[in-house]
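Novice: Quick one, structure for this:
(chains A and B)
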Amino acid sequence: MNWTTRPHEIHAEDVVETLDPEECWRLLATTELGRLAVSDDQGADIFPINHLVTDRLVYFRSAPGTKIVRLTERPGVAFETDGTENRQRWSVVLRGTARRLSIDTDIQTSGVDELHTFTRSTKWNYFVITPVTITGVRFTTQPDHRTRKDHS
Amino acid sequence: MDDIIDVVQVLSEQECWQKLADNTLGRLVVKAADEIDIFPVNYVVTDRTLCIRTAPGTKLIELTIHPDVLFEIDHVDDSAAYSVVVKGTAEELQHQSEIDEADSLPLVPFLPTLKYRWVRIRPVHLSGRAFQRAPEPDRY
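Specialist: All right, here's what the predicted structure looks like:
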């Protein structure tokens, strides 16, 4: 397998736009699927989750018995979602703390009980992530600076 | 909301590798001290390892501090959804022969910036789940 060119130097500031928190929150709300990274004494774990954004809080739910439930022991989480808008790729990462919602009114007010999910359960656990930092990038996808000779 | 039926299929190791080979974008999770972080990265599968390119920045520093990593891919469309999680160890490629070999891989970085460093993830454990998405059958 050969390449016609070597990579050219592309400076990050020329092509990658750093997003302000306002824009990060807007984009975060345009997707439903994200990934939640959590950790405990055994290490880290990651879950694809459907999420909902309300008042700069991120809500999600999980079925009982998953590791997510253990978030109460180590509440620091990172949450990532990405997408494409106007032919530009973007990615937003939120770091914060997750806590389980225990009050029915909180759950109903957030709307998280209406979230789509891939598995059915009667005993959902509902969570909210309180953000500490939110960062995002956006860039126009370009043909790679390496061009593949054969596309086999 | 229940237009989705709950048929969860556990993927075999072979199926996990096939899904990994079918995709190019994943998320790398690294942990340094008590901080957990997540990065979208493009990757390529080679010799039952995952190769990514990185700039000498946050990702690489965290990998150096804590080489145990997680890597995740997922996919959702109208008919199916799946995710694969790889637990493994990450190492930066040091030998020029390895770097030259990696340079020939068909990898396009997620961020269009120059990435000098190659990181190889050696999976220790693979797990995957798939869901069929279909309308609920008629009840009547």
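Novice: and after the helix or strand of chain A with the lowest mean pLDDT, which helix or strand comes next?
Specialist: Using mean pLDDT, DSSP states H and E, the weakest-scoring helix or strand in chain A turns out to be helix A:12-15, at a mean of 57. Downstream of helix A:12-15, the first helix or strand assigned by DSSP states H and E is strand A:16-19.
Novice: what ranges do the helices span in chain A?
Specialist: Here chain A has its helices, by DSSP state H, at A:12-15, A:21-28, A:104-110.
Novice: buried set for the longest one?
Specialist: Residues of helix A:21-28 classed as buried under the neighbour-count rule (16 or more other Cβ atoms under 10 Å in any protein chain shown) are A:23-25, A:27-28. For the C-beta atoms, the positions are set from N, CA and C on the backbone; glycine is no exception.
Novice: Let me know the closest of those to residue B:110.
Specialist: For those, the minimum distance to residue B:110 (Cβ to Cβ) is 15.8 Å, reached by residue A:27.
Novice: what about residue A:35, how many neighbours?
Specialist: Residues lying near residue A:35 (other Cβ atoms under 10 Å in any protein chain shown) number 25.
Novice: Please read the previous query as pertaining to residue B:104.
Specialist: Residue B:104, neighbours per other Cβ under 10 Å, totals 12.
Novice: Please tell me how far it sits from chain A.
Specialist: The gap separating residue B:104 from chain A is 5 Å, by Cβ to the nearest Cβ, to the nearest Å.
Novice: picking that back up, TSV for the buried residues of helix A:21-28, including pLDDT?
Specialist: TSV is the format used below for the buried residues of helix A:21-28 (pLDDT from 0 to 100):
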residue	pLDDT
A:23	97
A:24	97
A:25	97
A:27	96
A:28	95
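Novice: Determine which two of the residues you listed are furthest apart.
Specialist: A:23 and A:28 (9.5 Å).
Novice: before we move on, the earlier item: ok, which of the buried residues of helix A:21-28 also contact chain B?
Specialist: Checking the buried residues of helix A:21-28 against chain B by Cβ under 8 Å from any Cβ of the partner chain, not one of them is in range.
Novice: Out of those, which is nearest to residue A:43?
Specialist: Of those, the one sitting nearest to residue A:43 (Cβ to Cβ) turns out to be residue A:28, at 26.4 Å.
Novice: Who are the contact partners of residue 46?
Specialist: All of this is about chain A. A:35-38, B:27, B:29, B:38, B:70, B:72, B:85 (Cβ atoms under 8 Å, 6 or more residues apart in numbering or on different chains).
Novice: ah, I was thinking of chain B
Specialist: B:102, B:105.
Novice: does the lengthiest helix in chain B come close to chain A?
Specialist: For chain B, the longest helix by residue count, based on DSSP H, is helix B:13-22. No. Judged by Cβ under 8 Å from any Cβ, helix B:13-22 stays clear of chain A, getting no closer than 12.8 Å.
Novice: Give the bridge partners for residue A:95, please.
Specialist: Counting by DSSP bridges, residue A:95 is bridged to residue A:78, residue A:133.
Novice: Just confirm it contacts residue B:37, I think it does.
Specialist: Yes. At 7.5 Å, residue A:95 and residue B:37 qualify as touching, with contact defined as Cβ atoms under 8 Å.
Novice: what residues do those two have in common as contacts?
Specialist: residue A:78.
Novice: Which strands or helices does the strand of greatest length in chain B pack on?
Specialist: Longest strand of chain B, by residue count under DSSP state E: strand B:117-132. Helices and strands touching strand B:117-132, by 3 or more Cβ pairs under 8 Å, 6 or more residues apart in numbering or on different chains; DSSP states H and E, are strand B:8-10, helix B:13-22, strand B:49-54, helix B:58-65, strand B:80-92, helix B:96-103.
Novice: Compare the mean pLDDT across the ones you listed and name the weakest.
Specialist: By mean pLDDT, the lowest-scoring of those turns out to be helix B:58-65, with a mean of 69.
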